[in-house]
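Q: Kindly generate the corresponding structure for this input.
(2 chains)
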Amino acid sequence: MGWGLIRLYAIAVYGFMFLPVLVVVLLSFNANQFGSFPMTGFSLRWFEALWNNDAVMRAFRTSLILGLMTAVISTTLGILASLALVRYRVPGRNLITTALIAPILVPEVVLAVALLLFLNWLGIGKSFVLLLAGHVVFTLPFVILVVQARLVSIRRDVEEAALSLGASPVQTFFAVTLPLLMPAVAAGALFAFTISFDDITGTLFWKPGGVETVPTQIFSMLRNSISPEINALGTVMIVMTVGLPLLGAGIARSLATKRGK
Amino acid sequence: MAAVTLTDIVKRFGTFTAVQKMSLEIPAGSFCTLLGPSGCGKTTTLRMVAGLLDPTEGDITIAGRRVNDIPIHKRNLGIVFQNYALFPHRTVAENVGFGLKYRGVTKAEAERRVAQALELVQLPHLADRYPKALSGGQQQRIALARAVVIEPDVLLLDEPLSALDANLREDMRVELKNIQKRLGVTSIFVTHDQSEALAMSDQVIVMSDGRVEQVGTPEEVYNTPATEFVARFLGAANILEARVTARQGDRISLEAPGFTQVEIPRSRAPHLGDATAARLVVRAEKLVLMPEGSTADAALMIPATVEAVDYQGQAARYFLRVGDHALQAINMIDIAPFAAGDKVVLRLLPRDCAALPAR
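A: Numbering: from 1, shown residues only, chains lettered A, B, ... in the order given. All right, here's what the predicted structure looks like:
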């Protein structure tokens, strides 16, 4: 009796969270020109409209470039920071770790405003570089957390073995440490990309005039009308931010099982 | 010629001194063992030779070259680690061939040498496997193949057998020694296991508290310990206060009050000098329990009482009382072990005793 109720409650909560998403996906294939029920037929016309909508396509390109650059920079910095913090005795190591992880703990609005005020004070205006820097600050903690956890589990003696066999420290990193770190690096990069790709709070503060990312584009489109195009765009977003990590995890798992044989 | 020399090596970690003024010569082609309890500085010493730690003071030379400022990857060493340390993302053949890639060896030559090394450790059929699919013993053999395929100047072995289970450990011990002999590679082996050290080494370096206690062949350190630590660490020993009563030619007479009087060869007391106060060392294996009333020629027969017995299968450890002294003996069990409370006589050959200077 008690468990039945809890189960029902849990299903209701998940339904409340995910049904709207399902509705968005469903309606993006609706042939009707209004983005609402009843559905009048299956159609890809809204996706086609998206494809022909210059503003949306521009936003999409911006988001893609921003996400990829964020992923590359964040992952590189994250690997280097993790190596320094785990493998070397850096003075003030705990303080640095806390500082690097802090952006997760600080409310995003506060972080966004703070960065903006700081750059204002320095006399630097808004730019794409600022937007990118913001996204890097914001995604770095995720990369560091994942990479550090993995690095701790890589035995030091494996690296020492490589060194003893004649590989220089840099060669050792590329021949041994990085390959062993790869699952965490891939996960960190995916995190960084997806977080950057669907971030809106920080982006609203940091983006220079005239530049839109997909989330800010949706936001501004919603202010004018509720076009079914938005449903289609939402579907694309869901595929990108949910599908990519799932795909990554799948690839990682199949690689891992191959090696285990 | 010494393949490795350590001169006045000191290693400090903060205020803790791990190795104190250590000097050592490892002869070329020999198998030398650093033996001691954990924390004695043996692994620290090995890691300094490897280049994984920098000595605070002193010099290290390998093959005549001072290596203090030479990083590990330019020292041409083979290291075998306690936990194998194979590269999990590479096959066995790739693991073994790893070091050859950094030595400008042609691909064909590398393949030939990898095959040869796998042949040496008798695992040629595992070349394409990943380390995860191998047993502990197999992994350690691959690690050994990987370390020797580069023809290192020195082979460093950091407790390579201690992660293996008991039976395998003894097999590996023999095999490791055979391979070392066949290759003639100078080897430094670190262990806390005295039987490993005695079975495998040409030379044993007994260490404690960051100091060398004694350097010698296995027989020397076992039969004529230089210090009480060495006597106690290499198997159970009974150590009794004694007095030198006479010195005649190559013989020394000692009296251990309440135990016995014994005349031992001077060669069994090389560290005694002219001192009168001494300590008599009697190994637990050399005290042989016999039924009360037994007699024997040219041996001391000391009456004793068995206080407790620790049954170990093929052998037993006896806790004995002789007057005021509590002694231990370890004997093979003939038919049945003696029981607690039995009156026995202890047969002891004078040549099996050794003497140390008094504290």
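
Q: mean confidence score for stretch B:99-108?
A: Here stretch B:99-108 scores 91 as its mean pLDDT.

Q: So what's the gap between stretch B:197-208 and the chain middle?
A: What separates the centre of stretch B:197-208 from the centre of its chain is 3 Å, taken as Cα atoms, centre = their mean, to the nearest Å.

Q: First-to-last residue distance for that stretch?
A: Length of stretch B:197-208, first residue to last, Cα to Cα, to the nearest Å: 15 Å.

Q: for the stretch of helix or strand A:Phe18 belongs to, what is the average pLDDT?
A: A:Phe18 belongs to helix A:2-27 when assigned by DSSP states H and E. Mean pLDDT, helix A:2-27: 88.

Q: Show me the chain divided up by domain.
A: Looking at chain A here, since you left the chain open. A:1-43, A:54-260 (automatic domain parsing).

Q: wait, I meant chain B there
A: Per the record, chain B has its domains at B:2-223, B:236-357, by automatic domain parsing.

Q: Relative to chain A, which of those domains is closest?
A: When the domains of chain B are compared by Cβ to the nearest Cβ, domain B:2-223 sits nearest chain A, at 3.4 Å. C-beta here means a position set from N, CA and C on the backbone, and glycine is covered the same way.

Q: Do me a favour and get the end-to-end distance for the closest one?
A: End to end - Cα to Cα - domain B:2-223 spans 26 Å.

Q: gap between it and the chain center?
A: On Cα atoms, centre = their mean, the centre of domain B:2-223 falls 14 Å from that of its chain.

Q: and that domain, is it in reach of chain A?
A: Yes. Domain B:2-223 comes into contact with chain A (Cβ under 8 Å from any Cβ of the partner chain), by way of B:50, B:52, B:71-79, B:81-83, B:85-89, B:98-99, B:102-103, B:130, B:132-133, B:143, B:146-147, B:150, B:156.

Q: Give me the nearest residue to B:Val51, chain neighbours excluded.
A: One thing to correct before we go on: residue B:51 is Gly, not Val. B:Ile72 (3.5 Å; Cβ to Cβ, 6 or more residues apart in numbering or on different chains).

Q: Buried ones from the residues of domain B:2-223 next to chain A, can you make that a PyMOL selection?
A: In PyMOL syntax, the buried subset of these is picked out as below (16 or more other Cβ atoms under 10 Å in any protein chain shown):
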select buried, chain B and resi 50+52+72+73+75+76+77+78+79+81+82+83+85+86+87+88+89+98+99+102+130+143+146+147+150+156
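
Q: Which members of the residues of domain B:2-223 next to chain A occur in helices, if any?
A: In helices, judged by DSSP state H, the following of the residues of domain B:2-223 next to chain A are found: B:50, B:143, B:146-147.

Q: residue ranges for the strands of the stretch 101-250 of chain B, please.
A: B:154-158, B:186-191, B:203-208, B:211-216, B:237-248 (DSSP state E, counting those that start in this stretch).

Q: Given the shortest one, what are its sheet partners and their directions?
A: Each strand pairing with strand B:154-158, determined using DSSP bridges, is listed with its direction: strand B:77-80 (parallel), strand B:186-191 (parallel).

Q: could you redo the ones you listed as JSON lines and give each row mean pLDDT and distance to A:Phe18?
A: Shown next, in JSON lines, are the strands paired with strand B:154-158 (pLDDT from 0 to 100; distance: least, Cβ to Cβ, whole Å):
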{"stretch": "strand B:77-80", "mean pLDDT": "94", "distance to A:Phe18": "55"}
{"stretch": "strand B:186-191", "mean pLDDT": "95", "distance to A:Phe18": "59"}
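
Q: how about a markdown table for the ones you listed, with distance to B:Cys40 added?
A: Listed next are the strands paired with strand B:154-158 as a markdown table, based on distance: least, Cβ to Cβ, whole Å:
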| stretch | distance to B:Cys40 |
| --- | --- |
| strand B:77-80 | 20 |
| strand B:186-191 | 10 |
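
Q: Please identify the deepest-packed of those strands.
A: Sort these by mean neighbour count, taking mean count of other Cβ atoms under 10 Å in any protein chain shown, and strand B:77-80 sits at the top with a mean of 27.

Q: B:Ala277: how many residues sit nearby?
A: 12 (other Cβ atoms under 10 Å in any protein chain shown).

Q: Quick check: it vs A:Val86, distance?
A: In this view, B:Ala277 and A:Val86 are 56 Å apart by Cβ to Cβ, to the nearest Å.

Q: What ranges in the chain fall below the confidence cut-off?
A: I'll assume chain A. A:1, A:33-36, A:256-261 (pLDDT under 70).

Q: other chain: chain B
A: For chain B, residues meeting the criterion pLDDT under 70 lie at B:1.

Q: Name the residue closest to the centre of it, please.
A: B:Ala197 (2.4 Å; Cα atoms, centre = their mean).

Q: how about that residue, what does it touch?
A: For B:Ala197, the contacting residues are B:33, B:35, B:189, B:191, B:204, B:218, by Cβ atoms under 8 Å, 6 or more residues apart in numbering or on different chains.

Q: let's see 6 Å
A: B:Ala197 is in contact with B:33, B:35, B:191, B:204, counting by Cβ atoms under 6 Å, 6 or more residues apart in numbering or on different chains.

Q: Which element, helix or strand, includes whichever residue of the stretch 1-150 of chain A sits closest to chain B?
A: As assessed by Cβ to the nearest Cβ, chain B sits closest to A:Arg89 within the stretch 1-150 of chain A, at 11.9 Å. A:Arg89 belongs to no helix or strand when assigned by DSSP H and E.

Q: ok, now the one 5 residues further on?
A: Of the helices and strands defined by DSSP H and E, A:Asn94 is found in helix A:93-105.

Q: what's in contact with that helix?
A: Helix A:93-105 is touched from outside by A:85, A:111, A:137-138, A:141, A:144, with contacts defined as Cβ under 6 Å, 6+ apart.

Q: so which of the residues you listed is the most crowded?
A: Greatest neighbour count in the contacts of helix A:93-105, by other Cβ under 10 Å, goes to A:Phe138: 26 neighbours.

Q: Spatially nearest residue to that one (excluding sequence neighbours)?
A: A:Pro103 (5.5 Å).

Q: Return the list of helices and strands in contact with the longest helix along chain A.
A: In chain A, taking DSSP H as the definition, the longest helix is helix A:54-87. On a contact count with 3 or more Cβ pairs under 6 Å, 6 or more residues apart in numbering or on different chains; DSSP states H and E, helix A:54-87 meets helix A:128-153, helix A:178-197, helix A:214-224.

Q: Does the first one pack against any helices or strands, and if so which?
A: Under the contact criterion of 3+ Cβ pairs under 6 Å, 6+ apart, the helices and strands touching helix A:128-153 comprise helix A:54-87, helix A:93-105, helix A:178-197, helix A:201-206.

Q: Let me know the angle separating that helix from helix A:93-105.
A: Here helix A:128-153 points in a direction 120 degrees away from that of helix A:93-105 (axes from the mean of the first three to the mean of the last three Cα atoms, to 10 degrees).

Q: what packs against the helix or strand just after helix A:128-153?
A: Remark: after helix A:128-153, the chain's next helix or strand is helix A:156-164, criterion DSSP H and E. Judged by 3+ Cβ pairs under 6 Å, 6+ apart, helix A:156-164 is in contact with helix A:169-172.

Q: Report the distance from the helix it packs on to the chain centre.
A: On Cα atoms, centre = their mean, the centre of helix A:169-172 falls 30 Å from the chain's centre.
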